[in-house]
Structure formats: structure tokens, C-alpha cells
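>>> pasted the sequence and its predicted model underneath.
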Amino acid sequence: MAAVTDNLRAAGFVLGAIAFWAIGDTVVKLLAETMSVPQIVFLRGLVSVALVVLLLARAGGWRPSRQTLAHPMVLLRGLFEVGTVFTYLLGVANLPLAVANTLIFTSPLFGVALGGLVLRERLGPARLGAVALGFAGMLLVTDPLGAAASWWLAFPLAGAVFQALGDLLTRRIPQHVPTDSITITTLALMTLGGGIGSIGSLHLPTPGEAGLLLLGAVLVVGAYACYIRAFRIGEMSFAAPFKYASIPLAMLTGWLVWADRPSLSMLFGAALIIMAGILIVWQDRPGDAQPAGVGDP
């Protein structure tokens, strides 16, 4: 009974993280009307890092260490995360929110393909079928030969590849490196990347922009906190599929805020991607009774 309760709590935390990220993407898309993506990442990152450090300091139990913060695998994973965030947010800024959000969820498909090519992992019929199903869904969402085809579609797809590479590197990070250190390093690298990208175009935000940036930072920190908490108390095979609630939520948000109505082919493609992702999660489950470790979004 306790395991069932923990799983339900974990699912609730995943849904909370997804809600925070969905609202955060909406904030970024609104800010992108007057600010560049690098500037948004830089200013939002400054506040996010400060909030995380403050929360960790107040909670106690975490001591920054150069050996963990600057571990080569942590830094390399952080660089891939920077690539994920920048390419995804460029897609969010220039595409319907639901399209960018759906395409970033092709990351598990690239992860399976890279696992087979790079790590020589065994790819059975179920995994290969899930990949084929997911890529069929991706083609329906992007409609590369249709009138709505755009080069901007390549950006969230590139973000999915970067995310898959980052997931592969996460497996190489030693167990003694705490998740908090990975989070701090990742946020710091994203902020640094945003600062470099903003050179020559950085300007003081208006009060309205500053308010949205603060809201965006709080949402990012809240999403990380909920997501990490979820996989500390629940089984990954139960909780992970709930993250795909992000796709219909992004569709709803895009429709309410920007009147973006998904086509039937996009809805069908999104359904295929969700099915493929859930199939991969269930294929990867370590066992019915084994709890999941800490996961990083």
C-alpha cells in the first residue's frame, strides 16, 4: 500500500513539474516577442541560480565541492543541456508551442538509437518498433513536405538529440556526485551561454519583462524540484509516462493564448510519439519492485 501511495505522489510531482514547464514555455514565448532567446536564458538563469543556491543553503546538507561541480562528465552533460535549452527555446519562440513541445519528446527515440550505436545496447523488436512508431509520429507532426514546413522545426529536433546525448552522459556520472551539484552546474552553464550569446544586444528589461523573467525563473526551479522529488519517491516505470501530459497541455495552452489549433495529422503524430515514449519507458523498467533513482529533466 505504501508503494502505491508513493507512486501516486510521484505522479503528482511529475504533473506539477510538467505544469511549471508548460507555463514557463508560455512565458518564454511571450518574452521572445521583445527579447532575444540568449538574453532570456541569461537573465532567467541569473535568478534561477540565485534561487537554487538560496534554497539549498537554507535546507542545509549540501556543500559545494569543486570535485563534483566541475566533474568532467557533469560539465560535458551540462554543455549538452545548454544545447537542448537553446535549440528548444528557439523552436518555442518561432513555432506553435505544441509543435516545439511535441518534437522535444522524440528524445527517447534518439536515445534508443544512440544507445544501440554508441553503447552497443541490444535493440530488440519492441524497441525498434517503438522507434519506428515514434519517427512516423514525428513525420506527421513536422509534415516536411507540407505548406507549413519550416527550418525552425529542426531546432526542437536538435534539442531532442542533445537531450538524448545528455542522458547517455548522465549514466557515466559517478554515483557520489549529488543531483544538486549537477543542477547547479547545468544552470550556471546555461546562464553563461546566454550571457555570451547576449553580447552586444543585452538591454535592461522593462518592468513587465522583469516580472515575466522572475516568474520564469521561479517556474524553472519549481519544475526541477518537483521532477527530482518525483523520482526519489516513486518507480520510474509508473511515474515517467505522466510527463507526456506535457503534449496535450502545450496544445491547450497554444490554443488558449495564441489560437493555434493542431491539425488532425499533428494530433495523430503526437499520439504515436506518446505511445512510443511510454513503450520505451516500460521496456527500460528495472523491475516491478525496484525504485527508480534520481532523474534529471
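That came through, no problem. These numbers were taken from a predicted model, which means no experiment stands behind them. Residues are numbered from 1 along each chain as shown.
>>> give me the neighbour count for residue 67.
Residue 67: 11 surrounding residues under other Cβ atoms under 10 Å. Any C-beta I mention is one placed from the backbone N, CA and C, and that applies to glycine too.
>>> all helices of the chain, in order?
2-31, 37-59, 66-69, 72-94, 97-104, 107-118, 125-142, 154-170, 179-197, 207-233, 236-239, 246-258, 264-284 (DSSP state H).
>>> most tightly packed of the ones you listed?
Mean neighbours per residue, mean count of other Cβ atoms under 10 Å, is largest over these for helix 97-104, with a mean of 27.
>>> which outside residues touch that helix?
Applying Cβ atoms under 8 Å, 6 or more residues apart in numbering, the external contacts of helix 97-104 come out as 22, 25-26, 29, 84, 88, 91-92, 138, 141-142, 153, 155-157, 159-160, 163, 246-247, 250-251, 253-254, 257-258, 260, 262, 266, 269-270, 273.
>>> using JSON lines, lay out the helices of the chain together with distance to residue 148 and mean pLDDT.
Shown next, in JSON lines, are the helices of the chain (distance: least, Cβ to Cβ, whole Å; pLDDT from 0 to 100):
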{"stretch": "helix 2-31", "distance to residue 148": "18", "mean pLDDT": "91"}
{"stretch": "helix 37-59", "distance to residue 148": "22", "mean pLDDT": "91"}
{"stretch": "helix 66-69", "distance to residue 148": "43", "mean pLDDT": "80"}
{"stretch": "helix 72-94", "distance to residue 148": "13", "mean pLDDT": "95"}
{"stretch": "helix 97-104", "distance to residue 148": "9", "mean pLDDT": "96"}
{"stretch": "helix 107-118", "distance to residue 148": "22", "mean pLDDT": "87"}
{"stretch": "helix 125-142", "distance to residue 148": "9", "mean pLDDT": "92"}
{"stretch": "helix 154-170", "distance to residue 148": "14", "mean pLDDT": "93"}
{"stretch": "helix 179-197", "distance to residue 148": "28", "mean pLDDT": "91"}
{"stretch": "helix 207-233", "distance to residue 148": "28", "mean pLDDT": "90"}
{"stretch": "helix 236-239", "distance to residue 148": "34", "mean pLDDT": "80"}
{"stretch": "helix 246-258", "distance to residue 148": "14", "mean pLDDT": "95"}
{"stretch": "helix 264-284", "distance to residue 148": "9", "mean pLDDT": "91"}
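>>> look up how far residue 23 lies from residue 16.
Between residue 16 and residue 23 the distance is 11 Å, computed by Cβ to Cβ, to the nearest Å.
>>> ok, residue 149 next?
Distance from residue 149 to residue 23, counting by Cβ to Cβ: 29 Å.
>>> and for residue 174?
34 Å.
>>> ditto for residue 248
Counting by Cβ to Cβ, the gap from residue 248 to residue 23 is 15 Å.
>>> go on, residue 254?
As for residue 254, its distance to residue 23 is 13 Å (criterion: Cβ to Cβ).
>>> residue 258 too?
The span separating residue 258 from residue 23 equals 14 Å under the rule Cβ to Cβ.
>>> OK, contacts around the nearest residue to residue 138 once chain neighbours are set aside?
Among residues not flanking residue 138 along the chain, residue 106 sits closest, at 5.3 Å (Cβ to Cβ, 6 or more residues apart in numbering). The contact partners of residue 106, taken as Cβ under 8 Å, 6+ apart, are 134-135, 138, 157, 160, 273.
>>> per-residue pLDDT, residue 106?
With respect to pLDDT, residue 106 scores 95.
>>> quick check: phi and psi at it.
In terms of degrees, to the nearest 10, the main-chain angles of residue 106 are phi -80, psi 0.
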